[in-house]
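Colleague: Just the structure for this:
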Amino acid sequence: MQQPTRRTLLASAVAATAVTLAGCADDPKPKATATPSPTLDGTRILPEPDTSADPNGPMPADALPEDEQAAADAALATMKVWVKGQSLPQMEWQKQLKPTLASSAQQIYATRQGYKIPDTAIEGKPEVLRSNAATASFRIDTNAGAYEVTVVKIKGEWKTAGITPLHGG
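Modeller: Presented below is the predicted three-dimensional model:
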């Protein structure tokens, strides 16, 4: 009887592996789970609810036409302070930024160092990415890049919940 060669053994192992893996191909893929969105300093905020059925999210009964404009104004107010990071003393920058942020974002950005922010000017107007009566996201361009600014409505007032750089802007 002839001894199997390494090539024969290797071919048998590859074939056995292929057969084993082929049996797994029809397994349903697990659903992707939502992961928190990264912020500029690497911390994470909670993701927005799944609104995949409607790209603009569910429109609550209490939605008002002026909600989107108020949300855009809140996002812009945050970014107007954001771009002053290099020109203001750190304490003053934090003092101006804090009231524009939701409480969860205040904790996240409390240690952010304004002088490290390369942006110094806003360019153009906010572009709506998603919005409904409770949350909205806008693209805001600056002279150093673009950001997605997410705002939430808390007790009737819009506050920024996250500032995320958009790479490849």
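Colleague: what's near enough to touch residue 154?
Modeller: residue 102 (Cβ atoms under 8 Å, 6 or more residues apart in numbering). The way it works is simple: take the backbone N, C-alpha and C, and place the C-beta from them, glycine included.
Colleague: List the beta-bridge partners for it.
Modeller: Beta-bridge pairing for residue 154 (DSSP bridges): residue 157.
Colleague: Tell me how far it lies from residue 106.
Modeller: With distances taken as Cβ to Cβ, to the nearest Å, residue 154 is found 12 Å from residue 106.
Colleague: now swap in residue 147 and tell me
Modeller: Computed as Cβ to Cβ, the residue 147 to residue 106 distance reads 18 Å.
Colleague: Mind jotting down where the helices sit in the protein?
Modeller: 6-22, 65-82, 90-97, 103-109 (DSSP state H).
Colleague: tell me which strands and helices the shortest one is in contact with?
Modeller: Think helix 103-109. strand 44-45, strand 157-166 (3 or more Cβ pairs under 8 Å, 6 or more residues apart in numbering; DSSP states H and E).
Colleague: Select, out of those strands, the one closest to residue 78.
Modeller: For these, the distance to residue 78 is smallest for strand 157-166, at 4.1 Å, taking Cβ to Cβ.
Colleague: sorry, back to before: any idea which of the helices and strands packed on helix 103-109 is most buried?
Modeller: With neighbours taken as mean count of other Cβ atoms under 10 Å, the helices and strands packed on helix 103-109 reach their highest mean count in strand 157-166, at a mean of 21.
Colleague: who touches it?
Modeller: 37-40, 45, 70-71, 73-75, 78-79, 82, 100-102, 104-105, 108-109, 135-136, 139, 145-152.
Colleague: Can you select the buried ones from these in ChimeraX?
Modeller: To isolate the buried members of the contacts of strand 157-166 in ChimeraX, using 16 or more other Cβ atoms under 10 Å:
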select :37,39,40,45,70,71,74,75,78,79,82,100,101,102,105,108,109,135,136,139,146,147,148,149,150,151,152
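Colleague: How much space separates residue 137 from residue 146?
Modeller: For residue 137, the distance to residue 146 equals 12 Å [Cβ to Cβ].
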